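**Q** let's see this in three dimensions:
(2 chains)
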Amino acid sequence: MGYLERPLVQLSEVARVRQTSENQAKILWRDVVYTYLEDRHLRVLSVEEEALRVTLQNAESAISSALNSL
Amino acid sequence: MSTADVTIEAVDAVSTDLHKYRDLTYQIRHEYSAASRTILDFIDDVIRDRSRAAVQSKAELEHAVDAERRANESDTPPMYRPDVNGALHRFNQAESALDRARRVREAVLIQFRECERAIAANASAVEAISDAARRLLSQKREALEEYWAGQAGVHGRGPSGSAAPALSPQLDNKAPGIVLPGLPPKIQLIPLSDIDDSDSHVTGPESFGKGYSPADLRWAHEALHEIVMPTLASGGTLEDLRARDAAEGRMGVRSYADTYSGFFGDSAIRLSPDLEVTNGYHRIWVAKQMGLSHVPAVIE
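**A** I've put the predicted structure just below:
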């Protein structure tokens, strides 16, 4: 079990909710809402999630390595 | 349930999801705080134990040095000669272990600072984006309500209201799907879950052999949603798609014009009034593999 597993699991849950939103927004495609949300919001959220995920995973790896050297 | 209900519900569902998204993002910080506290507590316990061990080994070393000094000063041979070298070795080991634990703590704190910075930046971005998205959805919901207030008058269900707002979908209550004015009039977006393809002969990639592969159709579905339909919705035409193909050097099955023809022309997905498939099994199979919610189709 990773040291930061719980926040990473939480991040996965966040991503799942965004994907649900994205699917729902596709129903609104004609209303241009989907295009707008996709380009201006959902896509940015996706990038933000990825940046945070990479940071947490790098931190988890570094912390694990540091603790192993104890 | 009418398509109008579905669309307004979709606005509400997206709003709810975005609200939930923001709440869950806040919880990342809580989860992270708990995890980081656990890790730091563990390291602090180790440092505390090793500090005690270092103090104890230092005392033992001092005791050994003192005993040896007294033995050396005595005229009579001692009954017991202390192991100063052993005590020194244990003291050095204890100090080294303590120093290592302190360095680990510093290294972990650096990682924590990086995580805290990233979490704060993420929360700030999510806050700004979700606020803007919620405002947008609220405007769209009001526009839809206004549109349907007008439609109620048209259908004799209430007083006639204002005209449909420019960006509202022109929904047809008789249609099982969403009618998109930017597209050919016979085309509707049909929920995949409503389509009956139980007699489909397409069972996997081995079922493709007509000049296009599953990857080609996946590309076409993506191009449909990302390029073709947005182009048409903003007033573009097939000619605009052809021009874009030329500009991007596209042709054949992986072109926007072919995607248009494939989905909206003679080879469009066709369904019976009961939504049984009469043409388009391959595209429906690929759409399901992609997890799409709707496909454009002609019902006849």
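**Q** the helix or strand hosting B:His89 vs chain A: in contact?
**A** B:His89 belongs to helix B:84-154 when assigned by DSSP states H and E. Yes: Helix B:84-154 lies within reach of chain A by C-beta under 8 Å from any C-beta of the partner chain, at B:100-101, B:104, B:107-108, B:111-112, B:114-115, B:118-119, B:121-122, B:125-126, B:129-130, B:132-133, B:136-137, B:140, B:144. For every residue, glycine as well, the C-beta is placed using N, CA and C.
**Q** chain center to that helix: distance?
**A** 16 Å (C-alpha atoms, centre = their mean, to the nearest Å).
**Q** show me what that helix is packed up against.
**A** The contact analysis (3 or more C-beta pairs under 8 Å, 6 or more residues apart in numbering or on different chains; DSSP states H and E) places helix B:84-154 against helix A:33-36, helix A:43-68, helix B:3-73.
**Q** what angle separates it from helix A:43-68?
**A** Interaxial angle, helix B:84-154 versus helix A:43-68 (axes from the mean of the first three to the mean of the last three C-alpha atoms, to 10 degrees): 160 degrees.
**Q** and helix B:84-154 with helix B:3-73, angle?
**A** In terms of direction (the same axes, to 10 degrees), helix B:84-154 departs from helix B:3-73 by 170 degrees.
**Q** model confidence over helix B:84-154, on average?
**A** Taken as a whole, helix B:84-154 has an average pLDDT of 87.
**Q** returning to what we had before: looking at the helices and strands packed on helix B:84-154, which is closest to B:Ser261?
**A** Checking the helices and strands packed on helix B:84-154 against B:Ser261 by C-beta to C-beta gives helix A:33-36 as the closest, at 22.3 Å.
**Q** near chain B at all, the closest one?
**A** Yes: figure legend: helix A:33-36 in contact with chain B (C-beta under 8 Å from any C-beta); contacting residues A:33, A:35-36.
**Q** run the chain-centre distance for that helix.
**A** The answer for helix A:33-36 is 20 Å, by C-alpha atoms, centre = their mean.
**Q** filter the residues of helix B:84-154 next to chain A down to the buried ones.
**A** B:100-101, B:104, B:107-108, B:111-112, B:115, B:118-119, B:122, B:125-126, B:129-130, B:133, B:136-137, B:140, B:144 (16 or more other C-beta atoms under 10 Å in any protein chain shown).
**Q** returning to that earlier point: ok, of the residues of helix A:33-36 next to chain B, which come out buried?
**A** Buried, going by 16+ other C-beta under 10 Å: A:33, A:35-36, out of the residues of helix A:33-36 next to chain B.
**Q** find the least confident helix or strand in the chain, judged by mean pLDDT.
**A** Just going to use chain A. helix A:33-36 (a mean of 71; mean pLDDT, DSSP states H and E).
**Q** please refer instead to chain B.
**A** strand B:178-179 (a mean of 68).
**Q** neighbouring strands - and their directions - for the helix or strand following it?
**A** Proceeding N to C from strand B:178-179, the next assigned helix or strand is strand B:187-191, under DSSP H and E. Paired neighbours of strand B:187-191 in the sheet (DSSP bridges): strand B:178-179 (antiparallel), strand B:294-299 (antiparallel).
**Q** quick one: buried residues of the helix or strand that comes right after strand B:187-191?
**A** Note on strand B:187-191: by DSSP H and E, the next helix or strand toward the C-terminus is helix B:214-223. Within helix B:214-223, the residues that count as buried by 16+ other C-beta under 10 Å are B:214, B:216-217, B:219-221, B:223.
**Q** tell me the average confidence for helix B:214-223?
**A** Here the average pLDDT along helix B:214-223 is 91.
**Q** coming back round to it: redo the helices and strands packed on helix B:84-154 as a markdown table? Include distance to B:Asp266.
**A** Formatted as a markdown table, these follow (distance: least, C-beta to C-beta, whole Å):
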| stretch | distance to B:Asp266 |
| --- | --- |
| helix A:33-36 | 28 |
| helix A:43-68 | 35 |
| helix B:3-73 | 26 |
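**Q** most packed of those helices?
**A** Sort these by mean neighbour count, taking mean count of other C-beta atoms under 10 Å in any protein chain shown, and helix A:33-36 sits at the top with a mean of 23.
**Q** elements contacting it?
**A** Using 3+ C-beta pairs under 8 Å, 6+ apart: helix A:33-36 touches helix A:5-27, helix B:84-154.
**Q** can we see that at 10 Å?
**A** helix A:5-27, helix B:3-73, helix B:84-154, helix B:229-233 (3 or more C-beta pairs under 10 Å, 6 or more residues apart in numbering or on different chains; DSSP states H and E).
**Q** what sits up against it?
**A** A:22-29, A:41-42, B:7, B:10-11, B:14, B:132-133, B:136-137, B:139-141, B:143, B:167, B:169, B:225-226, B:229-230, B:233-234 (C-beta atoms under 10 Å, 6 or more residues apart in numbering or on different chains).
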